[in-house]
Structures are given as C-alpha cells and as structure tokens.
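Colleague: Here you go, sequence then predicted model.
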Amino acid sequence: KNSKKVMKAISSIDVSKATTHDRKDNNRIMKLIEKEGTFTVSKRVSEQMRSWTLNIGQRKYDAMCKANIAFPSGFANNLANLLKCYGKLPEAEMLYKKALSILCDSEGDVHADTLTCMNNLANVLQKQGKCEEAEKLITTALEARLKILGEDDPQTLLAINALASLRFAQGNLPEAEKLYRKALSGRQKISDTDHPDTLNFMNNLANVLQTQGKLPEAEALYKEALSGRTKISMSDHPDTLSLTNNLALVLKSRGKLPEAEALYNEALLHHRRIYGDRHPGTLASMNNLANLMIFRGKYSEAEKYCSEALATRRQILGNDHPDTLLSINNLGNLFCAQKKVQEAEVLYMEALSRQRSILGNNHASTLGSINNLANVQKALGKLSEAKALHLEALAGRQRLFGDDHAATLSSSNNLANLLYAEGNLSEAAVFYVKTLSGRQKVLGNDHPDTLLSRFNLAILRSKQGENSEARSLCEESMVGMQQVLGENHPCTKAAISLMKQLETADGH
C-alpha cells in the first residue's frame, strides 16, 4: 500500500540523524560518514532500501501467483507504480493489465478506479512507444468521464491532459497545445494556481510551446510552475526536478547557458541522492547535462557524463536496450563535436546495426541513427554513402511522420546541407526552401530551427551570388536570433558575421 509514501520516506533518509540498536554499527556508520560524507552514505542506504522494498513486493507477487491466490487490484497497481519508478516498463505494463482486468470484472468498465487504471496503463504504453494501444485506452477513459462527470471535473481534466500528451508524442503539436490549454483553463477555474494538477498542466503546456519555438511564453510558464512547485514540495521532489530540467532546456535554447548549466547540475545532484546513480532519471539528467557541456565546448566534462551513462546502461540494461543505444549515440555526438569523426562513426554504426536488428528499419530511433551516421560520413568526405543514408532517413520519416513533422524537416535540411557540400546548389536550394516553408508552418517564424533554416538559405543565396536576397534573409534571421537566442549564442554570432560580409560586398 501507499507506494508513493514509501518512496518519499526512503528518499528523505539522512543517516547522520539515524541510530542503530548496536553501538558498534553506529560507530561504523559514523566512521563511514567521516570518510565518504553524509550525502554519499545516505544515497547508498536509500538505494538499498528502494531495492529491498521492490524485492519484497515482487516476492509477494510471485508467491501469490505460485499459490494461485487471487490478489487485489490495488496491490497490482501499487507494485506497477514502483516498477514504473524504476523504469521497468514491460513489468509495470503486465501488472497494470492484471489490475485492469480485475477491476473490469469486479467494478465494471466505467468505475472510477477502472478508468484511473486505464490511464496508468496508457501512460506506461506511451512511454514504450505503443501509441496506438495507448490511444484506445485514453479515448475510452475520456469519453466515459465526459459522459459521467462532465468536462469540468478534475478527473475529466486529467483525461484531457492524457490525450494531449499522446497527441504531443504523435507530433500533432497544434492539437496538443489546444488540449493542454483546455485542461489548464479548466483546472484554474476550480482550484488555486499552486494545486499540483495546475502546475503539471502548466509544465505540459510549456513543453509543447517550447517544441513549437514559443520560447518566451514557455520560459514564463516553466518559471511560474517551478515557483508554485517549490511552495508545496521539496526541491528534490520528482516533479520539481522535472520542471528544473525543463526550464534548463528552454534557457539553453534561448542561449542562457550559465543559468541552464546551474539548473542541470542541481537536477542531477538531487536525482543521484533520491534515485541513486543507476536510475533512468539520473541517467537522463546526466545526458541533459552532457548535451549542454557539448554545446558549451566543455568536452572533458561532457565525456565524463556520457561515458558514465553509457557504461551504466550497458551494465544494467544490456547493449541492445533503447536507452543504451541512445547513450551510444550521445557519445557519438560528443566525438563529432570534438572532430573525432572516425570514433563517432564507429559508435553510430554500432547503434544503427543494433537498431536495425531490434527495432527495424522504419523505427523513429533507427531513422535518427541513420541521420547521425549520414552526418558523420559527410564530415569524413564519404558523400555518396552519406547521401544514400540521408535519402533513406528522409523517406522513412515521411512515411512515419508525414512531410511537416519536425524530424522530417530536419532530414530535409540535412539533405540540403549534403547537396550544398556536393556543389549541387540548385537542388540544395529546393530542399532549403522546402524546409524553411515547413518550419514556418509547423514551428513558426521565431523558432530556432526556422531561424537556422533562413540563415542556411541566406548562405546558399550568397554562394549563388544573389546578394540582395541573401542579405534580406540574413538580416531577418539575425534579428530573430538576437531576440530569441541572445547576442552571445553561436548561431547569432555566425549570422552577424555573414551580415557584415554581405554589407562589405555591397559597399555598405
């Protein structure tokens, strides 16, 4: 019972304030604290306690199954919650399905507990990329709650939020934003701004706004949500950590790099203490911080985090797990930034080979690795191999997401870059124009990707000798970057430099 309370209690363990029944044990612990520090020892104890708690639940479940004893739905649901906290999604899925089956038989399809369990199961399915299966559950639960409770009931608003999250995962950003705004507006009508659901809805709306490039509004919402969260929760609460990471990401996108780094470091520190070094959330925090370090050119620090995350994931998840493959790609990204393109190629080829075998050629992660390998082969001068891979990635993303998805537009942009490198300027121009048009439509004029597309087209027009159009495009992208990313962002500096070259060429 009360799995969330158990996890919270374990997270708050402080060995410096604890006592043992045996004085010798007490002395040993105090010596260990002197040697390693309170934080480190508390973290080790918390990790052991979490593992112990989960093992108790699993042993109880195995014993009940072996004895053919029917267990209550609440037990299955709570154990599934613990498994989800540990990132054990397939095991959590199995238990949520058992709980849902029991509830449907005992309480009926439209009972409140049944509908809650549907949403729990849908959430863990969505995390595994099983969006079609998740959608059936989410829409069923939402329709039932609208019919029974009405659209302003808190449970209905949670169901609307769940559907918005699914649309977000499917890449339907305008629909996701519409649904998130509806959920937030409804929640604000019935509770104060510091209610946990209100803060979660703010965070979710900010996520989709950020993805669409509406960065100032996203930053303001993240800050409001984080301020509210810190009033009602500790700084190391999981939702507080999630908001901290999200705010750091939007600050990074806006070029506020020192602020972003401070927040990422804070989130990682708390993740290590609460969940330990091997939890998916801790490893994701390492990944976020590593990506920022790469962006800031702090390659030695980035390598430390990338290597630790990869080694841990190889050890506990195996070489073929999607998170391990993501870490392989991340280390490849670091090597690319360091111009170690041959080392990066080896890593990208490993990730891609495993993904083709496990996930298939048309999975989103496989297509991402195809794109990464194409980019590094372009850098190695293997233009024909890179072109074939870029064409494969573009075709795959068009089939999977459609022409206007952000990933498809990224592939279109990368293919244009390759054509430019080949000297095929007229064909590159076709793809640059198509990418810019798509990003303006999907992301808006002020999204960083849209600004970069406009800048890329400015470079190409300059190369073609069309200085008037190049200057107009460059000026527009430069002003947008100054407003959105800031004066010190590398892209802004590049746009300013090109603008000066064009003005000099025109005699200004």
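Modeller: Yep, it's here. Residues are numbered from 1 along each chain as shown.
Colleague: What is the longest helix anywhere in the chain packed up against?
Modeller: Criterion DSSP state H: the longest helix present in the chain is helix 38-66. Here helix 38-66 touches helix 3-11, helix 23-36, helix 73-85, helix 257-275, going by 3 or more C-beta pairs under 8 Å, 6 or more residues apart in numbering; DSSP states H and E. Yep, even glycine has a C-beta here, placed from its N, CA and C like the rest.
Colleague: can you do 7 Å?
Modeller: With contacts taken as 3 or more C-beta pairs under 7 Å, 6 or more residues apart in numbering; DSSP states H and E, helix 38-66 sits against helix 3-11, helix 73-85, helix 257-275.
Colleague: Tell me the buried residues in it?
Modeller: Within helix 38-66, the residues scored as buried using 16 or more other C-beta atoms under 10 Å are 41-47, 49-50, 53-54, 57-58, 61.
Colleague: Going through the residues you listed, which one is the model least confident about?
Modeller: pLDDT is lowest at Lys43 among the buried residues of helix 38-66; the value there is 67.
Colleague: ok, back up a step: looking at the buried residues of helix 38-66, which one is closest to Leu292?
Modeller: Using C-beta to C-beta, Lys43 comes nearest to Leu292 of these, at 23.4 Å.
Colleague: roughly how far apart are the closest residue to Lys127 other than its chain neighbours and Gly281?
Modeller: Ranked by C-beta to C-beta, 6 or more residues apart in numbering and with sequence neighbours excluded, the top spatial neighbour of Lys127 is Leu89, at 5.7 Å. Distance, Leu89 to Gly281, using C-beta to C-beta, to the nearest Å: 13 Å.
Colleague: Settle it for me: which of the two has more neighbours?
Modeller: More crowded of Leu89 and Gly281, by other C-beta atoms under 10 Å: Gly281, with 22 against 18.
Colleague: hang on, the more buried one packs against Arg272?
Modeller: No - here Gly281 lies out of contact with Arg272, judged by C-beta atoms under 7 Å, at a distance of 9.8 Å.
Colleague: Let me have the buried residues of helix 38-66 in JSON lines, extended by distance to Ala302.
Modeller: Listed next are the buried residues of helix 38-66 as JSON lines, based on distance: C-beta to C-beta, whole Å:
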{"residue": "Val41", "distance to Ala302": "29"}
{"residue": "Ser42", "distance to Ala302": "28"}
{"residue": "Lys43", "distance to Ala302": "23"}
{"residue": "Arg44", "distance to Ala302": "26"}
{"residue": "Val45", "distance to Ala302": "30"}
{"residue": "Ser46", "distance to Ala302": "27"}
{"residue": "Glu47", "distance to Ala302": "25"}
{"residue": "Met49", "distance to Ala302": "32"}
{"residue": "Arg50", "distance to Ala302": "29"}
{"residue": "Thr53", "distance to Ala302": "34"}
{"residue": "Leu54", "distance to Ala302": "32"}
{"residue": "Gly57", "distance to Ala302": "37"}
{"residue": "Gln58", "distance to Ala302": "37"}
{"residue": "Tyr61", "distance to Ala302": "41"}
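Colleague: just for the stretch 401-508 of the chain, where's the confidence low?
Modeller: For the stretch 401-508 of the chain, the stretches with pLDDT under 70 are 507-508.
Colleague: Go again with 90.
Modeller: Regions of the stretch 401-508 of the chain meeting the criterion pLDDT under 90 cover residues 401-407, 439-449, 481-491, 503-508.
Colleague: now the helices for it?
Modeller: Assigned by DSSP state H, counting those that start in this stretch, the stretch 401-508 of the chain shows helices spanning 406-422, 425-442, 448-463, 467-484, 490-505.
Colleague: The residue nearest to Lys252 when sequence neighbours are not counted: what's it in contact with?
Modeller: Nearest in space to Lys252, with sequence neighbours left out and distances taken as C-beta to C-beta, 6+ apart, is Ala260 at 4.1 Å. With contact set as C-beta atoms under 7 Å, 6 or more residues apart in numbering, Ala260 has these partners: 248, 251-252, 292.
Colleague: Swap in 8 Å and give it another go.
Modeller: 248-249, 251-252, 292 (C-beta atoms under 8 Å, 6 or more residues apart in numbering).
Colleague: any idea how far it is from Tyr305?
Modeller: In this structure, Ala260 lies at 15 Å from Tyr305, with C-beta to C-beta as the measure.
Colleague: just to revisit the earlier point, reformat the helices of the stretch 401-508 of the chain as a markdown table; add distance to Leu82.
Modeller: What follows is the helices of the stretch 401-508 of the chain, written out as a markdown table (distance: least, C-beta to C-beta, whole Å):
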| stretch | distance to Leu82 |
| --- | --- |
| helix 406-422 | 34 |
| helix 425-442 | 39 |
| helix 448-463 | 39 |
| helix 467-484 | 42 |
| helix 490-505 | 43 |
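Colleague: how about TSV for those, with mean neighbour count and distance to Ser384 added?
Modeller: Putting the helices of the stretch 401-508 of the chain into TSV (neighbours: other C-beta atoms under 10 Å; distance: least, C-beta to C-beta, whole Å) gives the following:
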stretch	mean neighbour count	distance to Ser384
helix 406-422	22	9
helix 425-442	19	15
helix 448-463	22	21
helix 467-484	20	29
helix 490-505	16	28
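Colleague: now for the ones you listed, which one comes closest to Ser106?
Modeller: helix 406-422 (43.3 Å).
Colleague: Show me what that closest one is packed up against.
Modeller: Looks like helix 406-422 contacts helix 364-379, helix 383-401, helix 425-442, helix 448-463 (3+ C-beta pairs under 8 Å, 6+ apart).
Colleague: Please find the angle between the direction vectors of that helix and helix 425-442.
Modeller: If you take axes from the mean of the first three to the mean of the last three C-alpha atoms, to 10 degrees, helix 406-422 sits at 160 degrees to helix 425-442.
Colleague: Run the angle between helix 406-422 and helix 448-463 for me.
Modeller: Angle, helix 406-422 to helix 448-463, by the same axes, to 10 degrees: 20 degrees.
Colleague: How far does stretch 211-231 sit from its chain's centre?
Modeller: For stretch 211-231, the separation from the chain centroid amounts to 16 Å (computed by C-alpha atoms, centre = their mean, to the nearest Å).
Colleague: same check, this time on stretch 268-288
Modeller: Distance, centroid of stretch 268-288 to centroid of chain: 14 Å (C-alpha atoms, centre = their mean).
Colleague: quick one on the thing from earlier: for the helices and strands packed on helix 406-422, which one sits closest to Leu415?
Modeller: Closest approach to Leu415 among the helices and strands packed on helix 406-422 (C-beta to C-beta): helix 383-401, 4.4 Å.
Colleague: host element of the residue nearest to the spatial centre of the chain?
Modeller: Nearest to the mean C-alpha position of the chain, by C-alpha atoms, centre = their mean, lies Ala284 at 8.2 Å. Element membership for Ala284, per DSSP states H and E: helix 280-296.
Colleague: Give me the next element, helix or strand, following that helix.
Modeller: Per DSSP H and E, the first helix or strand lying C-terminal to helix 280-296 is helix 299-317.
Colleague: Against which helices or strands is that following helix packed?
Modeller: Counting contacts by 3+ C-beta pairs under 8 Å, 6+ apart, helix 299-317 packs against helix 280-296, helix 322-337.
Colleague: Check which helices and strands the helix or strand harbouring Leu115 sits against.
Modeller: Element membership of Leu115 [criterion: DSSP H and E] is helix 112-127. Using 3+ C-beta pairs under 8 Å, 6+ apart as the contact test, the elements touching helix 112-127 are helix 73-85, helix 89-106, helix 131-149, helix 154-169.
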